[in-house]
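A.B. asks: Have a look at this fold, sequence not included:
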Ligand code: MEZ
């Protein structure tokens with residue numbers, strides 16, 4: 001059986017796909033341009049007869065070769081999280097060839113170091129999620145040249161699949177919605193949510209620079225006009241795209257475009273496998289394992305780690321948080337803790353490394369996050385019998401613990417047609433066939449197996465709390481919607497790994513600290529690879545804020561450090 005590569009070569013020589021002479025870059029830029037020049041842009045492919053459109057996914061405009069591999073079997077990336085039952089992709093029956101294993105070969109790493117840098121840059125940013133893009137753009141703005149690398153065949157990391165939004169205080173959106181908020185409240189909420197274990201200096205910076213972070217994203221073209229409340233926040237401060245779109249795709253699409261416009265050298269399929277240090281312990285670059293170029297060293301005056309957390313690294317979870325080792329994870333497959341491992345190897349200090357957050361509402365037996373937005377917009381959470389058991393807007397640690405104490409260790413998120421119309425993401429869950437439905441509350445109870453009388457009483461009591469503005473049962477502060485409009489819906493949820501709060505220790509300039517808490521010269525970090533910002537439990541909406549605020553700080557300081565050297 002031919003593979004895609006030989007099929008195209010038979011059609012019109014290797015130059016159907018490759019340049020002459022053949023030189024494939026790790027990002028496969030030329031090859032992907034060739035795909036689009038013959039097959040059209042994703043929008044043109046949108047009328048495919050599949051039950052859904054894989055070319056119009058929330059991963060955005062990613063390389064065709066992410067899934068359609070040239071000389072190997074194709075890889076259907078959607079099914080890393082979903083379980084779409086589609087007809088086989090073209091060339092699925094191709095003979096399996098050895099694919100890029102993106103692994104770490106110590107001999108080759110040492111040879112690359114011995115050979116010395118094959119190229120140099122002022123700032124090398126590792127990881128192209130929100131923190132990495134923000135760091136790259138900030139470093140470029142500060143006058144440095146930048147290389148941004150990511151091991152995946154597409155950029156975006158965990159940020160790409162974030163749904164909820166970005167917390168910020170003192171924005172024009174809050175003013176427009178009449179929301180009174182204060183920097184001190186933001187700090188208090190984050191500290192309380194983090195069980196007072198956060199580094200207050202980092203939290204203060206997060207709060208103080210959050211509004212500027214929203215403005216910066218808007219200046220690059222993002223829409224963050226809607227506001228909602230997240231668990232543990234006393235006011236509405238989670239900024240989201242207008243019209244119910246998920247925040248991750250909006251932010252990552254914006255950052256991708258900005259990086260392209262600003263000429264940032266972004267390399268995909270390029271995994272950093274080792275940080276290189278001098279005798280004086282300063283970081284002088286990194287070894288990259290490229291899909292086509294193999295192992296090579298980039299010399300860099302500054303390196304920024306923006307590699308994300310370790311929520312998809314089963315070994316690390318089993319080691320640091322054994323009680324969660326069998327839990328599902330809402331994370332992107334890229335969240336394998338590379339930055340933590342590499343920083344540890346050169347003597348970086350770790351903060352709260354064993355604190356892992358379970359998000360209370362991951363679709364039961366799936367990897368699909370049922371966003372906190374759904375509860376923020378008004379949904380209610382009940383147990384197997386149809387009874388509420390906690391305020392839906394409590395912090396994630398408390399909500400997850402409470403669910404695990406319910407019979408069957410799961411819960412239902414229930415809502416009505418008003419919410420269905422308001423929160424666009426819910427239509428996505430419907431499309432994924434995750435929703436149970438009933439024309440009446442009684443029917444919903446029957447279709448989900450809840451007790452009819454219990455659910456009816458829950459809904460009637462809750463509607464009473466909405467009318468009086470006081471939840472006398474669980475003290476939920478914000479109840480924007482009652483449940484009165486048919487049809488009624490439910491989605492089954494259980495806790496799943498969502499965020500690793502701990503990571504490399506940083507100071508206020510985003511410099512990585514060594515075991516004596518001194519900055520490691522030339523090494524910076526931002527986002528989920530770091531610890532300290534969120535304490536023992538992160539609030540919804542603070543991860544994107546962290547990636548934007550500390551991504552920019554890391555990029556700016558990395559550039560200054562490089563330009564001063
Ligand atoms: O910040 C988050 O993790 C978040 C808001 C997630 C979500 O439930 O949408």
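C.D. replies: Happy to help now that I have it. Remember, predicted model here, so these are calculated numbers, not experimental data.
A.B. asks: Spell out which residues of the stretch 451-565 of the chain are next to the ligand.
C.D. replies: Contacts of the stretch 451-565 of the chain with the ligand, taken as Cβ under 6 Å from any ligand atom, map to 540, 541, 543. For the C-beta atoms, the positions are set from N, CA and C on the backbone; glycine is no exception.
A.B. asks: Cross those residues against helices and list the overlap.
C.D. replies: residue 543 (DSSP state H).
A.B. asks: Among the residues of the stretch 451-565 of the chain next to the ligand, which one sits closest to residue 182?
C.D. replies: Lowest distance from residue 182 to these (Cβ to Cβ) belongs to residue 541, with 16.4 Å.
A.B. asks: Please verify my assumption that that closest one contacts residue 230.
C.D. replies: Yes - proximity of residue 541 to residue 230 meets the contact threshold set by Cβ atoms under 8 Å, at 4.5 Å.
A.B. asks: And those two? Which one has more around it.
C.D. replies: residue 541 (29 against 25; other Cβ atoms under 10 Å).
A.B. asks: ok, that one - contacts?
C.D. replies: By Cβ atoms under 8 Å, 6 or more residues apart in numbering, the contact set of residue 541 is 164, 165, 166, 167, 230, 233, 237, 238, 239.
A.B. asks: Residue of this protein closest to the ligand, please.
C.D. replies: residue 164 (2.1 Å; Cβ to the nearest ligand atom).
A.B. asks: Please give the three-state secondary structure assignment for that residue.
C.D. replies: Assigned state for residue 164: coil (three-state reduction, DSSP: H, G, I helix; E, B strand; the rest coil).
A.B. asks: Overlap in contacts, residue 541 and residue 230.
C.D. replies: 164, 165, 167, 237, 238.
A.B. asks: still on that earlier bit, which member of the residues of the stretch 451-565 of the chain next to the ligand is positioned nearest residue 497?
C.D. replies: The closest of these, once distances to residue 497 are taken by Cβ to Cβ, is residue 543, at 13.6 Å.
A.B. asks: Stretch 311-327 near the ligand anywhere?
C.D. replies: No - applying Cβ under 6 Å from any ligand atom, one finds stretch 311-327 out of contact with the ligand, separated by at least 11.1 Å.
A.B. asks: Please enumerate the helices of the stretch 151-300 of the chain.
C.D. replies: Here the stretch 151-300 of the chain has its helices, by DSSP state H, counting those that start in this stretch, at 172-176, 183-193, 200-219, 247-261.
A.B. asks: Farthest pair within the shared contacts of residue 541 and residue 230?
C.D. replies: 164 and 237 (11.6 Å).
A.B. asks: Pick the one among the shared contacts of residue 541 and residue 230 closest to residue 452.
C.D. replies: residue 164 (32.8 Å).
A.B. asks: Residue 499 belongs to a helix?
C.D. replies: No - read with three-state DSSP, residue 499 is strand and lies in no helix.
A.B. asks: and it, how many neighbours does it have?
C.D. replies: 25.
A.B. asks: what's the nearest residue to it if we skip its chain neighbours?
C.D. replies: residue 357 (4.2 Å; Cβ to Cβ, 6 or more residues apart in numbering).
A.B. asks: what helix or strand does the one you found sit in?
C.D. replies: Using DSSP states H and E, residue 357 maps to strand 356-363.
A.B. asks: Up against the ligand, what does this protein have?
C.D. replies: So the chain meets the ligand at 163, 164, 165, 230, 369, 371, 372, 373, 540, 541, 543 (Cβ under 6 Å from any ligand atom).
A.B. asks: hmm, try it at 8 Å
C.D. replies: Residues of the chain found near the ligand (Cβ under 8 Å from any ligand atom) are 162-165, 230, 238, 247, 359, 361, 369-373, 498-499, 538-544.
A.B. asks: For residue 394, give me phi and psi.
C.D. replies: Here is the backbone geometry of residue 394 (degrees, to the nearest 10): phi -70, psi 180.
A.B. asks: Contacts only, for the residue nearest to it when sequence neighbours are not counted.
C.D. replies: Nearest non-adjacent residue to residue 394, counting by Cβ to Cβ, 6+ apart: residue 231, 5.9 Å away. Neighbouring residues of residue 231 by Cβ under 8 Å, 6+ apart: 193, 372, 375, 376, 392, 393, 394, 395, 396, 399, 539, 540.
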